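Trainee: missing the sequence, but the structure's below:
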C-alpha cells in the first residue's frame, strides 16, 4: 500500500548547509530497508507559493500558502510499504519528526 | 458467551485479512443460519467452532459474489487457504483455529492510535466485548445513529489506511499497550462516574472493563501495568455499593459504610497490585492501584497510611508529572503532616495557573481548611468550587459541606 508522508515544520530563513542534508540521506537509506520510495520532493519556502481557484467563472490568484499556520508544508515522500505501522515507523524516523509534524495519508488506488 | 464471541470475532477477522466489515457481515449471516438450523437439528457440540466455520464459508461466498477489486481476490485466496488448513487439521478439530494471538491482535487493532479515542472505545466494546451498537450508544449517552456512524468510520479507516491486524512489534509495544490500557480504563470510568438515574446501564461498563482487563491479563500475564490496571479497577469497584447514600448523594471515603465494601474483591485487587509490584517495573496504573489498596484495606478511615499514600503520589508524579497528581499528593500530605503542609502545596499549584478553574483544587483546599477548623475560609473555598463544578452529584456534595461549615461557624 502507498502512503504519502507530508512534512510540516516552521520555516527557517537561512538556506540549508551541505551538512544539513546528512540525516536526510541516512533516512533515505534506512527507508529502503522496509519500503520502496515512489515519490518525494523538498519544496521551496511558502513565501514562493501561489493559490489558484475559480469562483463564478473567474480565475482568482492569490499569494501565499493556502493555509496560513506557523508550520508549513515543506516536502513530502511517497512510500510503498506493507501497512500503516511500517509507514508510521518511517514517519517517526524523518529528521523533522522531533521539531515538526509528519502527516501520514494512504494514497487512493484506482483499479 | 462473551468469551466465545471474542474468540470467534478475533479468529474470523484474522481469516478475513483484517477486514472488520466482511467479518461482521459474515458472522451475521452465520448467526441467521444457526438460528434456523439449531432450532431444527439441535445445537452442535462445538457451537463456537460451528459458527466460525460457517461464517468463514459465508465470507468466501460474499467475496465470490463480488471480486471486482484486486484486494478482494487476495482476501478470497487467503480465506480459501485458511479453509483448506482447517479441513485438513487432525480430527477436523477447530480448537486449533482459536489462537490466543487472534484475540490479542483484535484488541491492539481496535485500540490503534491512528483511530480517534472515542472510536477505539466504541470498537473495543463492539468487537472485543461483543456489545450491541444500541447498548454502547446508551452507555455513552449518544443517539444510536451517531454510535453506528462512529463504528463504520472506524472500520473504514482500518480498511482504507491498512491498519495491520497484528500484535505490534517489540519497539512499538509500550506505546501501543498504553493505548489499550487507557481505553479499558476510560470504559471503566465512564461506567463509574454514572449518576444514579442512568446507573444501571452504565454499571455494565465497569463489569465489561474488568472483563476486558482479565482477558488482557490472561493474554499478557507478564506485563506489570496490565496487572496494575486490573487491580485498580477491582479495588475501586469493590467500594461501589458504599459510594453513595440512600438518596444517591456522594459519600467520601471516610464517610462510607465499610461493611458494604466487598472484602473478597479488595483482597483480590490488593494481591494483584502486590504481584505487579514484584515485577519491579512500576508504572502509573500500578501506583494508583497501590494507593487504592492503601485506602481500601484499613477497617477504619483513621487507620489509613497517609504518609505512604503521599509517597506513592510522589512516585506517580515522578513518572507522570501533572498538576492533578500533585494536587492529590498535596491532599495526602495535608492528611499525613497536617493541613498547613498540604495547603502550602495547593497554593503553589494555584499560582502556576493551569488548574485555576479546576473545581477540585478548591474542593481540596476547602477540605483541608475544614479539617483544620478554619470554617470561614473553608466556606469561601467550597463556594469557589461550586461555581466551577458541573457534575450535579459532586455539586450536591459540595453544597452539603458548605452547609456544614457555615453552620459550624454560626454555632
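Mentor: Cool, got the structure. Please read all numbers here as calculations on a predicted model, not as lab measurements. Numbers count the residues shown, from 1 in each chain, chains lettered A, B, ... in the order given.
Trainee: Apart from its chain neighbours, what residue comes closest to residue B:165?
Mentor: Counting by CB to CB, 6 or more residues apart in numbering or on different chains, the nearest residue to residue B:165 once its immediate chain neighbours are dropped is residue B:18, at 3.2 Å. Bear in mind the C-beta positions are built from the backbone N, C-alpha and C, glycine included.
Trainee: And for that neighbour, the neighbour number?
Mentor: 22 (other CB atoms under 10 Å in any protein chain shown).
Trainee: And the one 4 residues further on, by the same measure?
Mentor: The number of residues packed around residue B:22, counting by other CB under 10 Å, is 24.
Trainee: taking the mean pLDDT, what do you get for the stretch of helix or strand it belongs to?
Mentor: Using DSSP states H and E, residue B:22 falls within helix B:20-41. Helix B:20-41 comes out with an average pLDDT of 90.
Trainee: Same question for stretch B:241-258.
Mentor: Stretch B:241-258 shows a mean pLDDT of 86.
Trainee: what's in contact with that stretch?
Mentor: Here stretch B:241-258 makes contact (CB atoms under 8 Å, 6 or more residues apart in numbering or on different chains) with B:195-196, B:239, B:260-262, B:295, B:299-302, B:304, B:393-394, B:396-397, B:400.
Trainee: Quick one, which of those residues are buried?
Mentor: The neighbour count (16 or more other CB atoms under 10 Å in any protein chain shown) marks B:239, B:261, B:262, B:295, B:304, B:393, B:394, B:397 as buried among those.
Trainee: Can you report phi and psi for the residue nearest to residue B:165?
Mentor: Dihedral pair for residue B:18: phi 80, psi 10, per degrees, to the nearest 10.
Trainee: what sits against it?
Mentor: Neighbour list for residue B:18: B:109, B:158, B:159, B:163, B:164, B:165 [criterion: CB under 8 Å, 6+ apart].
Trainee: and the first one, what pLDDT?
Mentor: Going back to what we said before, that points to residue B:109. At residue B:109, pLDDT is 94.
Trainee: Can you report how many residues lie near it?
Mentor: Residues near residue B:109, counting by other CB under 10 Å, number 25.
Trainee: Which of the helices or strands spans it?
Mentor: Assigned by DSSP H and E, residue B:109 falls in helix B:100-110.
Trainee: Quick check: beta-bridge partners of the residue most central in space within chain A?
Mentor: With distances taken as CA atoms, centre = their mean, residue A:76 lies nearest the centre of chain A, 2.3 Å away. Bridge pairing for residue A:76 (DSSP bridges) gives the partners residue A:6, residue A:41.
Trainee: What confidence value was assigned to it?
Mentor: Looking at residue A:76, the pLDDT reads 97.
Trainee: For it, which residues are in contact?
Mentor: Contacts of residue A:76 (CB under 8 Å, 6+ apart): A:4, A:5, A:6, A:7, A:39, A:40, A:41, A:43.
Trainee: Quick check: closest non-adjacent residue to residue B:342.
Mentor: residue B:334 (2.2 Å).
Trainee: Contacts made by whichever strand or helix holds residue B:401 with the rest, please.
Mentor: Assigned by DSSP H and E, residue B:401 falls within helix B:392-410. Residues from elsewhere that reach helix B:392-410 (CB under 8 Å, 6+ apart): B:195-196, B:244, B:248-250, B:252, B:359, B:363, B:366-367, B:370, B:375-376, B:378-379, B:382-383, B:385-386, B:389.
Trainee: Check stretch B:346-358 too.
Mentor: Against stretch B:346-358 from outside (CB under 8 Å, 6+ apart): B:323, B:324, B:326, B:327, B:330, B:361, B:364, B:365, B:368, B:388.
Trainee: Please narrow these to those residing in strands.
Mentor: Among these, no residue falls in strands (DSSP state E).
Trainee: which one of those is nearest residue B:147?
Mentor: residue B:324 (29.2 Å; CB to CB).
Trainee: any idea how far residue B:149 is from that closest one?
Mentor: 33 Å (CB to CB, to the nearest Å).
Trainee: Can you pull the phi and psi angles for residue B:162?
Mentor: According to degrees, to the nearest 10, residue B:162 has phi 60, psi 50.
Trainee: quick check: angle from the host helix or strand of residue B:152 to helix B:20-41?
Mentor: According to DSSP H and E, residue B:152 maps onto helix B:144-160. For helix B:144-160 against helix B:20-41, the angle by axes from the mean of the first three to the mean of the last three CA atoms, to 10 degrees is 110 degrees.
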